[in-house]
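> no letters, just coordinates:
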């Protein structure tokens with residue numbers, strides 16, 4: 001034996017004599033309130049014979065434990081685990097060691113071996129509910145359901161606040177289709193008078209973990225979870241990690257206002273703790289408070305000023321809040337920090353298209369084209385930018401490229417939105433047959449696509465074709481959105497084309513009133529309807545207003561043809 005091993009053995013034996021409460025020194029996750037304190041024992045190393053069999057077993061346990069540590073130092077983990085098993089079998093009263101060894105065995109798919117060890121520990125007269133609960137876990141893994149239930153019930157009899165046993169029983173009841181037993185179990189648990197905040201938070205978490213099968217069985221879980229969380233909150237816990245768990249629980253239960261207040265307090269009181277600001281931001285977004293969410297995103301970026309992802313998220317959020325100038329600034333910053341951050345190019349191009357800056361959008365897309373492989377989003381946005389520039393042939397060429405890529409890689413991208421964009425491009429180009437084909441495909445994929453109904457119906461109405469079918473389509477669109485100015489104008493226009501200007505007038509007047517800004521087309525239609533009703537002065541006023549917004553030879557000629565006052 002070399003010197004390193006001898007020295008290590010001496011040190012390990014001394015440590016073992018002081019106490020060998022666990023294998024690694026770490027505590028199993030989620031067992032903090034339930035785990036027993038490590039057993040401390042002394043060993044006589046003078047060489048004297050053990051007084052009795054129990055003490056000899058203890059010496060054997062500590063010797064195996066020491067050898068296990070040596071194997072672990074040499075990274076021979078299989079041999080280490082075998083020695084730890086022998087140590088735990090020799091000293092089954094050492095519950096922390098028994099449980100950690102059992103956990104390792106379960107991880108290695110050796111549940112039967114773990115069960116033998118845990119059953120031996122459970123037979124010790126001083127065994128706590130902690131061991132019984134782990135015995136129940138192992139019994140469930142080997143399919144001994146009834147015995148597993150009994151073991152966990154015994155664990156709760158010994159310790160009514162043993163969360164592991166509640167978790168085990170809930171899973172067993174759900175697996176057996178006994179969802180109402182879960183509710184009874186956790187309702188009884190919630191009546192614990194001596195439990196603290198953590199206990200109630202963890203009970204709420206167990207309910208959440210089993211919420212899907214309970215809800216499917218017609219048992220609402222949210223009210224019970226909120227009640228448990230409220231009981232926890234009544235303790236006014238001070239520990240930041242527990243306050244965070246409480247906030248997380250409220251967020252999962254949909255109590256976003258309470259979650260927001262807790263996260264805000266954590267960010268204020270413990271700014272150094274990671275993750276709380278991000279959780280606060282997400283909660284604000286879920287509650288629809290995009291303005292305050294944007295403020296939190298800005299704080300995140302200030303704390304991490306060199307991360308392009310932060311500016312990208314800021315840009316995306318600014319788009320949602322329709323603060324497009326800020327979105328452009330943030331996305332440009334993301335690209336500056338990392339020219340290889342591909343999503344920023346496409347998001348920025350999309351913003352510029354919405355700002356009606358298609359040439360700038362194309363310039364960004366050309367940079368992306370030079371740097372990254374051809375892809376669907378690149379071609380789709382290029383098509384939309386060309387469309388805005390009235391370069392319809394180029395737009396259709398990009399749409400075709402996008403369609404080929406999507407068909408080969410991700411057919412779901414060829415959705416209703418895609419076909420609507422293609423249809424509107426064909427219509428503007430004057431290819432009405434292909435426009436109709438695209439709009440019909442759009443409606444096949446999304447029967448309630450109001451824009452496609454309106455666009456197709458208006459296309460027919462404006463050309464005086466298939467007017468009854470056009471009216472039916474537009475009426476469906478108006479039914480979906482009764483206050484949509486564009487849809488109301490289309491419905492008025494189709495009535496005008498049907499030769500019923502009196503009925504058309506009310507729809508177009510309402511359309512003009514609902515329009516967020518003056519629209520030359522709507523006012524031109526209004527003038528045409530007034531003229532058909534021989535209301536010349538109203539027609540003159542509407543056409544003049546239309547020309548003030550957008551020059552049109554057609555409207556100007558109509559105006560000139562009006563009877564002189």
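Nice, I can see it. Values in this document were obtained by computation on a predicted structure and should not be read as measured data.
> any regions of the stretch 401-550 of the chain where pLDDT drops low?
Low-confidence segments of the stretch 401-550 of the chain (pLDDT under 70): none present.
> can you show me the helices along it?
Remark: helices assigned in the stretch 401-550 of the chain by DSSP state H, counting those that start in this stretch are 416-429, 432-445, 450-462, 467-480, 485-497, 501-514, 520-532, 536-549.
> chain center to the fourth one, what's the gap?
Looking back up the chat, that one is helix 467-480. 37 Å (CA atoms, centre = their mean, to the nearest Å).
> next: the second one.
Averaging C-alpha positions (CA atoms, centre = their mean) puts helix 432-445 34 Å from its chain's average.
> any idea of the angle that helix forms with helix 467-480?
40 degrees (axes from the mean of the first three to the mean of the last three CA atoms, to 10 degrees).
> packing partners for helix 432-445?
Helices and strands touching helix 432-445, by 3 or more CB pairs under 8 Å, 6 or more residues apart in numbering; DSSP states H and E, are helix 416-429, helix 450-462. C-beta here means a position set from N, CA and C on the backbone, and glycine is covered the same way.
> for the fourth one, same thing?
Counting contacts by 3+ CB pairs under 8 Å, 6+ apart, helix 467-480 is packed against helix 450-462, helix 485-497.
> buried stuff in the lengthiest helix in the chain?
Determined from DSSP state H, the single longest helix within the chain is helix 53-73. Residues of helix 53-73 classed as buried by neighbour count (16 or more other CB atoms under 10 Å): 57-72.
> over to stretch 555-565?
555, 558, 559.
> so which of these comes closest to residue 357?
Closest to residue 357 out of these is residue 555 (27.7 Å), distances taken as CB to CB.
> give me the residues contacting the one helix or strand residue 157 maps to.
Assessed by DSSP states H and E, residue 157 sits inside helix 145-158. Identification of contacts with helix 145-158 by CB atoms under 8 Å, 6 or more residues apart in numbering yields 122, 128-130, 132-133, 135-137, 139-140, 162, 164-166, 168-169, 172, 175-176.
> what about those, which are in helices?
Those of the contacts of helix 145-158 mapping onto helices are 122, 129-130, 132-133, 135-137, 139-140, 164-166, 168-169, 172, 175, per DSSP H.
> and the buried ones among those, selectable in PyMOL?
Command for PyMOL that selects the buried part of the ones in helices among the contacts of helix 145-158, burial taken from 16+ other CB under 10 Å:
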select buried, resi 122+129+130+132+133+135+136+137+139+140+164+165+166+168+169+172
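> ok, back up a step: if you compare the helices and strands packed on helix 467-480, which one is most tucked away?
For those, the largest average neighbour count (mean count of other CB atoms under 10 Å) is found in helix 485-497, namely a mean of 25.
> who touches that one?
450, 454, 457-458, 461-462, 464, 467, 470-471, 474-475, 477-478, 481, 501, 503-508, 510-512, 514-516, 519, 521-522, 525, 528-529, 532.
> could you flag which of these are buried?
450, 454, 457-458, 461, 467, 470-471, 474, 477-478, 501, 504-505, 507-508, 510-512, 514-515, 519, 521-522, 525, 528-529, 532.
> closest to residue 425 out of the buried residues of helix 53-73?
Taking CB to CB as the measure, residue 425 lies nearest residue 72 of the buried residues of helix 53-73, at 67.8 Å.
> just checking, that closest one touches residue 78?
No - Residue 72 lies out of contact with residue 78 (CB atoms under 8 Å); the separation is 10.5 Å.
> I'd like the helices and strands packed on helix 432-445 as CSV, with distance to residue 258 appended.
CSV is the format used below for those (distance: least, CB to CB, whole Å):
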stretch, distance to residue 258
helix 416-429, 37
helix 450-462, 37
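> nearest to residue 350 among those helices would be which one?
Closest among those, once you apply CB to CB, is helix 416-429, at 12.6 Å.
> so that closest one versus helix 450-462, what angle?
Going by the same axes, to 10 degrees, helix 416-429 makes 20 degrees with helix 450-462.
> buried sites along helix 416-429?
Buried residues in helix 416-429, defined by neighbour count with 16+ other CB under 10 Å: 416-427, 429.
> wait, isn't residue 246 in contact with residue 237?
Yes - counting by CB under 8 Å, a contact exists between residue 246 and residue 237, whose distance comes to 6.8 Å.
> re the thing from before, tilt between the next helix or strand after the longest helix of the chain and helix 53-73?
Next in sequence after helix 53-73, counting helices and strands by DSSP H and E, comes helix 77-90. In terms of direction (the same axes, to 10 degrees), helix 77-90 departs from helix 53-73 by 170 degrees.
> which elements pack onto helix 77-90?
If you count contacts as 3+ CB pairs under 8 Å, 6+ apart, helix 77-90 packs onto helix 53-73, helix 95-107, helix 111-122.
> looking at this protein, which helix or strand is least sure?
Every helix and strand of the chain was ranked by mean pLDDT, DSSP states H and E. The lowest is helix 3-18, at a mean of 38.
> show me what the one helix or strand residue 365 maps to is packed against.
Assessed by DSSP H and E, residue 365 sits inside helix 358-371. With contacts defined as 3+ CB pairs under 8 Å, 6+ apart, helix 358-371 has these neighbours: helix 342-354, helix 376-388.
> I'd like the buried residues of stretch 555-565 as TSV, with secondary structure, pLDDT and distance to residue 151 appended.
Listed next are these as TSV, based on DSSP: H, G, I helix; E, B strand; the rest coil; pLDDT from 0 to 100; distance: CB to CB, whole Å:
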residue	secondary structure	pLDDT	distance to residue 151
555	helix	93	86
558	helix	93	90
559	helix	91	91
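> circling back to that earlier point, anything in contact with each of residue 246 and residue 237?
residue 197.
> who has more neighbours, the two?
When residue 246 and residue 237 are compared for neighbours, residue 246 comes out ahead with 25 against 17, by other CB atoms under 10 Å.
> which residues are in contact with that one?
197, 201, 229, 232, 233, 237, 262.
> what's the answer for residue 87, then?
Taking CB under 8 Å, 6+ apart, we find residue 87 in contact with 20, 60, 61, 62, 63, 64, 65, 68, 94, 97, 101.
> quick check: the gap between residue 463 and residue 494.
Distance of residue 463 to residue 494, computed by CB to CB, to the nearest Å: 11 Å.
> test my guess that residue 445 contacts residue 412.
No - the pair residue 445 / residue 412 is not scored as a contact, 10.3 Å apart, by CB under 8 Å.
> comparing those two, which shows the higher neighbour count?
residue 445 (15 against 6).
> nearest residue to the more buried one in space, ignoring adjacent ones along the chain?
Nearest-residue entry for residue 445: residue 416, 4.4 Å, with adjacent residues in sequence omitted and distances by CB to CB, 6 or more residues apart in numbering.
> give the contact list for that neighbour.
Counting by CB under 8 Å, 6+ apart, residue 416 makes contact with 442, 443, 445, 446, 449, 452.
> count of residues packed around the nearest residue to residue 340 once chain neighbours are set aside?
Spatial nearest neighbour of residue 340, chain neighbours left out: residue 371 (7.3 Å); criterion: CB to CB, 6+ apart. The local packing of residue 371 (other CB under 10 Å) involves 11 other residues.
> distance of residue 371 relative to residue 108?
Relative to residue 108, and taking CB to CB, residue 371 is found at 48 Å.
> same deal with residue 173?
Look at residue 173 and residue 108: by CB to CB, they are 28 Å apart.
> these two - which one has more neighbours?
residue 173 (21 against 13).
> the more buried one - nearest residue in space that isn't next to it in sequence?
residue 181 (4.2 Å).
> may I see the buried residues of the one helix or strand that neighbour maps to?
Assigned by DSSP H and E, residue 181 belongs to helix 179-190. Going by neighbour count (16+ other CB under 10 Å), the buried part of helix 179-190 is 179, 181, 182, 183, 185, 186, 189, 190.
> ok, stretch 238-257 next?
For stretch 238-257, using 16+ other CB under 10 Å, the buried residues are 242-253, 255-256.
> doesn't residue 250 make contact with residue 262?
Yes - counting by CB under 8 Å, residue 262 touches residue 250, with 6.8 Å between them.
> show me the shaky parts of this protein.
1-51, 565.
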